[in-house]
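K.L.:
this one's sequence-less:
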């Protein structure tokens, strides 16, 4: 558990911009960006408490019932570290507490998704493209839709690399959260987003050569 004081080196914050939303926000930035000492430690502890409340709220909102306190603490710890590292990016476009609150909500959401998938198998086989067939809109699907789905299946099987197929299928067809997949693969969300983007670009190009276009709003 990260102590409220957080063993993070002081961050020199940018001078508060003109039009700072309120005096409290200015106080937060100055205290957190100041030199190490009792004043900064108190501000860090106060911020951690706020983040902990936000994380608990988000976990309960998402229906998390197990390990709530532990997950909330982890989320608050990670959010605190991120805020202190990015303090210089705060530009006063909203209250500081509103800006900081979002970090806790994001971290809590990640922890909740990972907890929900704990112990669940994440299929990473690259032949899961056959699942596209299940996206048919029932036996009454029109011929144009059936043709497009067949073309998508063929494109996934031939136009993508095995890694691109595995990532595309896991994220868009199996519904694996991207942070869970990143953790299982030992990579980053950014790397997976790039892989997914490249895979979709290849699919669209492959389909365009056949005069076909994905259905509007289709995740593929």
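P.N.:
Looks like it came in fine. Worth saying up front: this structure is predicted, and the values here are computed from it rather than measured.

K.L.:
by mean pLDDT, which helix or strand of the chain comes out lowest?
P.N.:
The helix or strand of the chain with the poorest confidence is helix 143-159; it has a mean of 79 (mean pLDDT, DSSP states H and E).

K.L.:
for that one, the distance to its chain's centre please.
P.N.:
Here helix 143-159 is found 30 Å from its chain centre; the criterion is CA atoms, centre = their mean, to the nearest Å.

K.L.:
helices or strands up against the helix or strand that that helix is followed by?
P.N.:
Sequence-wise, the next helix or strand downstream of helix 143-159 (DSSP states H and E) is helix 162-168. In this structure, helix 162-168 packs against helix 143-159, helix 189-209, with contacts taken as 3 or more CB pairs under 8 Å, 6 or more residues apart in numbering; DSSP states H and E. Using the backbone N, CA and C atoms, a C-beta is placed for each residue, glycine as well.

K.L.:
buried residues of the longest one, list them for me.
P.N.:
If I follow you right, that is helix 189-209. Neighbour counts over helix 189-209 (16 or more other CB atoms under 10 Å) mark 192, 195-196, 199-200, 202-204, 206-207 as buried.

K.L.:
ok, now the shortest one?
P.N.:
Along helix 143-159, the positions that meet the burial threshold by neighbour count (16+ other CB under 10 Å) are 148-149, 151-153, 155-156, 159.

K.L.:
that one vs helix 189-209, what angle?
P.N.:
120 degrees (axes from the mean of the first three to the mean of the last three CA atoms, to 10 degrees).

K.L.:
what helices or strands is the longest helix along the chain leaning on?
P.N.:
As assigned by DSSP state H, the longest helix anywhere in the chain is helix 38-61. With contacts taken as 3+ CB pairs under 8 Å, 6+ apart, helix 38-61 sits against helix 23-32, helix 68-85, helix 96-117.
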